[in-house]
Each structure stands twice: as structure tokens, then as C-alpha cells.
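Colleague: Quick one, structure for this:
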Amino acid sequence: MAQLDFRHSTGRSSSDSFTPFGSRTDKGRVREQNEDSLIVQPPLFVIADGMGGHAAGEVASEIAVHTIAELAPETADAAALGKAVEQANRDIINAGIAGRGREGMGTTCTAAVLDGNSLAIAQVGDSRAYLLHKGVLKQLTRDHSLMANMIEAGQLTPEEARVHPNRSVITRALGNDPNTTPDLYEINVEDGDRLLLCSDGLSSMLEDDEIQAVMNRYHDPQKCASTLVNGALVAGGLDNVTVIIVNAEGGRAKNRKKLALRTRITALLIVLMLALCLGVAVWGGSAYLHHTAYLAESEHGTVSVYRGVPGQVLGLSYSELVEETDIAVADLPPSAAESIRSLKGMRVNSVEEALEIVEGYKADIEAQKNASASSASSSSASETSSTDANSASADSSIASASNGESDEETSSESNGDEEQAV
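Modeller: Predicted coordinates for the structure are as follows:
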């Protein structure tokens with residue numbers, strides 16, 4: 001885990017942000033230094049109160065929270081949390097022997113893991129854990145102190161214990177005995193419950209009903225923690241005071257996670273749908289561009305067949321020359337020639353259709369050529385027939401003239417004979 005300033009960690013990133021936890025620590029109005037340490041690192045929350053009057057209590061409390069932060073479970077496992085506290089006890093003892101701090105230093109410790117609606121606690125000393133359930137505050141842990149033993153034995157009342165001269169004497173702490181074990185608790189909590197961890201600087205200054213009233217009044221955990229510390233200071237602040245408030249929101253958190261998960265899934269589905277639509281559009285566009293075709297005029301003035309579309313789409317060219325024919329555009333009908341010469345060319349549905357049109361043009365041009373040749377042949381034959389007819393007519397005229405002369409001669413001869421006969 002990350003290295004933190006455990007003695008002054010508040011667990012809040014800014015004063016105006018709302019989180020389900022908050023904390024505050026203060027040295028109080030009497031102590032010269034703050035021997036309390038805390039960690040707010042969800043789901044782990046720890047308070048350690050260095051033993052007043054003992055050497056280097058602040059070192060012991062720092063070692064305790066550091067070790068627990070390193071070894072604590074991420075789930076509400078009381079046994080595993082207890083193991084972390086036991087190792088913290090051994091680390092404090094070994095540190096004293098090694099010269100870090102002093103031998104005999106000690107600390108109380110209350111560690112909690114709030115995982116959803118499951119709460120695990122490991123506790124040594126008189127730092128307490130409370131639970132506010134449906135507006136009622138209940139102490140979860142039992143103080144390891146002389147006063148607690150005397151109250152349980154019926155020798156003192158809680159009110160008398162608060163002012164007893166030996167009220168600070170504790171019977172179990174970390175750093176004294178290598179065999180020290182914590183009390184373990186596993187508790188089910190509900191949404192809306194509130195966990196309070198505090199050093200005895202709060203519980204010795206404020207009555208439980210005063211603490212309950214503040215916790216019911218302030219829903220924001222940070223404001224609630226600050227208000228409780230301020231209350232302890234106003235009441236005298238005779239000891240270091242440290243408070244951690246945690247709102248139990250396991251069910252709400254799960255609902256938020258489910259909602260967040262559904263939102264992410266919905267967003268992912270939308271992205272996938274958009275990607276699918278885009279893919280279909282790209283595929284359809286590619287298929288269309290690959291299938292469609294057009295006829296255009298080549299630089300040689302002939303008809304060419306292209307696959308794709310003329311010009312550019314989004315700055316890119318999507319056309320491919322399929323065939324440049326030997327058909328001159330000038331030989332086509334005017335309407336077809338005009339369409340082919342336009343900027344968009346003559347658009348058709350497919351390359352096959354374009355090739356069929358080209359074949360049609362070829363057939364039409366061939367038919368025109370054949371018709372022209374046939375017309376020329378007919379004209380030549382007509383001219384020959386006319387020439388022959390003219391020749392025949394001339395011959396006939398010549399023959400008639402010859403016959404006329406012969407008749408005249410015959411008639412003349414006849415007339416001569418008739419005259420002779422007379």
C-alpha cells in the first residue's frame with residue numbers, strides 16, 4: 001500500500017466533496033503532542049492511541065497503523081485482521097528492542113474493515129468502535145481498562161468511572177506482551193448505519209447520548225467527525241482526540257456499481273452498433289463502388305468503360321479503367337455523346353451493363369456502315385441502268401431515222417413508177 005502520513009490522514013480529498021467517510025484528529029488542549037495515529041483507506045479504517053505517560057507512544061501508534069495497512073485483508077475477515085494486529089504488536093516490541101522509539105512503548109488499536117454490509121473489527125485497549133443503527137448508538141467493543149473491569153464487577157457506575165483517578169489505566173495494549181491478542185468481531189450492518197471509531201479523547205469527554213445526537217444531526221461524515229472533535233475540545237480536550245465516521249452504503253454501492261456496469265454495457269453496445277453500422281456502410285459503399293460503372297470519353301476521343309464513380313469521394317478516387325474501346329464518341333447519337341462527355345459520364349448499374357451498351361453501340365455503328373454501303377451500291381446500279389436506257393433510246397432513234405429515209409426512197413420510187421405508167 002502507499003506510504004501515508006498515518007498520524008494525520010483524513011481520508012478526504014477536498015472539503016466540498018462528499019464521500020461515505022470522514023475523519024479528524026487533534027492533540028487537544030492539554031497534551032503537547034498528538035500521539036494518536038489513524039488510517040482511512042477504504043475498506044480499512046484504523047485508530048491507534050499511543051499510551052500517554054509512556055515513552056514514544058506516537059512511534060508505537062505509527063508502527064501499528066503502518067503494519068496493519070500493509071497486512072489487513074480487503075474483505076471483512078476478522079481472523080485475518082486480527083493476524084495483522086498481532087503482527088503490529090510484534091513489530092512494536094521489536095522496534096523498541098532495535099532502538100526505534102523506546103522499550104515499553106505501547107498503543108491501543110481499533111481496526112475495522114467495512115466491506116459492503118459486512119463489518120470486521122479487531123480491538124486492543126480502550127479505543128472504541130460504535131454503530132449508529134436506526135438512530136440509536138451502540139458500543140460494539142469492550143474497553144480493556146481497569147474502569148471497564150470495575151463496572152462489570154459492579155464496583156463502579158459508568159458515571160463514577162468517568163471521573164475516577166485511575167480512569168486512564170488500561171489492561172491490554174500493543175507493545176507490552178508478545179502474546180497479546182485482539183478481540184474480534186464480525187457484524188452485519190445495514191445501509192444507513194454509521195460506524196464510529198474513536199480514541200478515548202472523545203469517549204471520555206462526551207457522553208454517548210451527546211455523540212448519538214451529533215451523529216444523527218450531521219449526515220456528512222466529515223462534518224460529523226469535525227463536530228465531534230470540536231465538542232471534545234469544548235468539553236475540556238484533556239487528551240488527544242481522533243474520530244473516524246463511515247457511512248454503511250453497501251447495498252447502495254452495489255446498486256451504483258450495477259448501474260455503472262449497465263451504463264458501461266449500454267455504452268459498449270451503442271459503440272458496437274455504431275461500429276456495425278459503420279462497417280455495413282463501408283462494406284455496402286465498397287460493394288456499390290466496386291459494382292457500379294460509367295462510360296466516359298478517353299483522351300483519344302473514344303468510349304471508355306470505368307468501374308466505380310467519376311470524380312472523388314471524400315477526397316479519394318474510386319474509379320478503375322476496365323476497357324478503352326475503339327468507338328469514337330463522335331460516331332454516337334448526339335444524346336449519348338453528350339452524356340458520355342459530361343463530367344459525371346454516363347452512369348450505369350454495372351460493368352456488365354456498360355459492356356453491353358458498348359456492344360450495342362458497336363452493332364449500331366456496324367449496321368450504319370452496312371446500310372451506307374448498301375445505299376451506295378444501289379445508287380451505282382441505278383446509274384448503270386439509266387445509262388443503258390439512254391443508249392437504247394438513242395439506238396432506237398437512229399433506227400427510226402433510217403427507216404424513214406428508206407420509206408421516203410420507196411415512196412419516191414413508187415411515185416416515179418406511177419408517173420411513168422401514165
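
Colleague: Show me where the chain has its helices.
Modeller: Along the chain, counting by DSSP state H, helices occupy 57-71, 78-98, 146-152, 158-162, 200-203, 208-217, 221-234, 250-291, 334-341, 351-421.

Colleague: looking at those helices, which has the lowest confidence?
Modeller: Least confident of the helices of the chain, judged by mean pLDDT, is helix 351-421 with a mean of 64.

Colleague: Tell me where the stretch 1-150 of the chain is predicted with low confidence.
Modeller: 1-18, 52-55 (pLDDT under 70).

Colleague: same thing but 50
Modeller: Residue ranges of the stretch 1-150 of the chain with pLDDT under 50: 1-17.

Colleague: now the strands for it?
Modeller: 21-26, 36-41, 44-49, 109-115, 118-124, 128-133, 136-139 (DSSP state E, counting those that start in this stretch).

Colleague: Run the chain-centre distance for the first one.
Modeller: Going by CA atoms, centre = their mean, to the nearest Å, the spacing between the C-alpha centre of strand 21-26 and its chain's C-alpha centre is 35 Å.

Colleague: how many other residues sit next to K27?
Modeller: Counted by other CB atoms under 10 Å, the residues lying close to K27 total 18. For the C-beta atoms, the positions are set from N, CA and C on the backbone; glycine is no exception.

Colleague: just checking, it touches E58?
Modeller: No - the criterion here is CB atoms under 8 Å, and K27 misses it with E58 at 10.2 Å.

Colleague: Overlap in contacts, the two.
Modeller: Both K27 and E58 are in contact with Q33, N34, where contact means CB atoms under 8 Å, 6 or more residues apart in numbering.

Colleague: picking up where we left off before, V271: which of the strands of the stretch 1-150 of the chain is closest?
Modeller: Nearest to V271 among those is strand 109-115 (32.8 Å), distances taken as CB to CB.

Colleague: on contacts alone, who are the packing partners of the closest one?
Modeller: In this structure, strand 109-115 makes packing contacts with strand 44-49, helix 57-71, helix 78-98, strand 118-124, strand 128-133, strand 194-198, judged by 3 or more CB pairs under 8 Å, 6 or more residues apart in numbering; DSSP states H and E.

Colleague: Buried deepest among the ones you listed, which one?
Modeller: Highest mean neighbour count among those (mean count of other CB atoms under 10 Å): strand 44-49, with a mean of 30.

Colleague: Could you break this protein into its assigned domains?
Modeller: With domains defined by automatic domain parsing, the chain comprises 21-248, 250-291, 293-389.

Colleague: Pick the most deeply packed of those domains.
Modeller: Of all those, domain 21-248 carries the top mean neighbour count, a mean of 20, counting by mean count of other CB under 10 Å.

Colleague: thought V241 was touching D26?
Modeller: Yes - counting by CB under 8 Å, V241 touches D26, with 5.3 Å between them.

Colleague: joint contacts of these two?
Modeller: Any residue near both V241 and D26 by CB under 8 Å, 6+ apart counts here, and that gives V229, A232, L233.

Colleague: Touching, the first one and D239? I think so.
Modeller: Read it as V229. No - the criterion here is CB under 8 Å, and V229 misses it with D239 at 11.7 Å.

Colleague: which residues do the two both contact?
Modeller: By CB under 8 Å, 6+ apart, no residue touches both V229 and D239.

Colleague: Report the contact partners of the residue lying closest to D91 once chain neighbours are set aside.
Modeller: Distances taken as CB to CB, 6 or more residues apart in numbering put T67 closest to D91, at 4.9 Å, once the chain neighbours are dropped. Neighbour list for T67: A84, Q87, A88, D91 [criterion: CB under 8 Å, 6+ apart].

Colleague: Thank you kindly, that will do.
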